[in-house]
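Colleague: Next input, structure requested:
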Amino acid sequence: MKKILLLSLTTAVLSGSVLAQQGAPASPPASSSAKITSGATITISYSQPSVKGRTIGKDLEPMAGKVWRTGANKATVFETDQDVTVEGQPLPAGKYALFTIAGDDEWTIIFNKTADQWGAFQYDEKEDALRVKVKPGKAAAFAEKLRLNVAENGEVNILWGDSDVKFVVK
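Modeller: Below you'll find the predicted structure:
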């Protein structure tokens, strides 16, 4: 009985040690959700890459002119439970993969009908439900980890590094 107890205790300690060494995932899962003024509930689920001293656009995505999953790992998912407009353009209720194309003067926000996909490797432009163009801004503070925020007024912010990219959902 003592041997079984000792073996169980040793296994538990070793398992805990291995998990502690692995630490938190490099790009942990995150989400942002709000019921906006139009009554729709918007939820964005994504993984948060960190800058870690690297250069965004060179060492890290987004690379100018290329489709980016707007996060890490699986494609970021944008979900709305009601029909909405994004920057004045209609978007039906549903789940979408949220992609972006970064530029110095303009970003393209893409809502793709194939919500469940890995990164941008399977991205197919023919499956886009909507594309809108927005102007990037300068973030008030440096964002080490990517953050996507949904506010009750329908403003969505993509914050990463020095960038703050906003689009409005109504």
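
Colleague: And the strands in the protein?
Modeller: Here the chain has its strands, by DSSP state E, at 29-35, 41-47, 67-68, 76-80, 84-86, 89-91, 94-101, 107-112, 128-134, 136-150, 155-168.

Colleague: And for residue 169, the neighbour number?
Modeller: 22 (other CB atoms under 10 Å). Yep, even glycine has a C-beta here, placed from its N, CA and C like the rest.

Colleague: what's the answer for residue 114, then?
Modeller: Neighbours of residue 114 (other CB under 10 Å): 16.

Colleague: Repeat that for residue 52.
Modeller: 10.

Colleague: Pull the contacting residues for the closest residue in space to it that isn't next to it in sequence.
Modeller: Distances taken as CB to CB, 6 or more residues apart in numbering place residue 144 nearest to residue 52, at 7.8 Å, with adjacent residues excluded. For residue 144, the contacting residues are 50, 51, 52, by CB atoms under 8 Å, 6 or more residues apart in numbering.

Colleague: ok, now residue 107?
Modeller: Counting by CB under 8 Å, 6+ apart, residue 107 touches 100, 101, 133, 134, 135, 136, 165.
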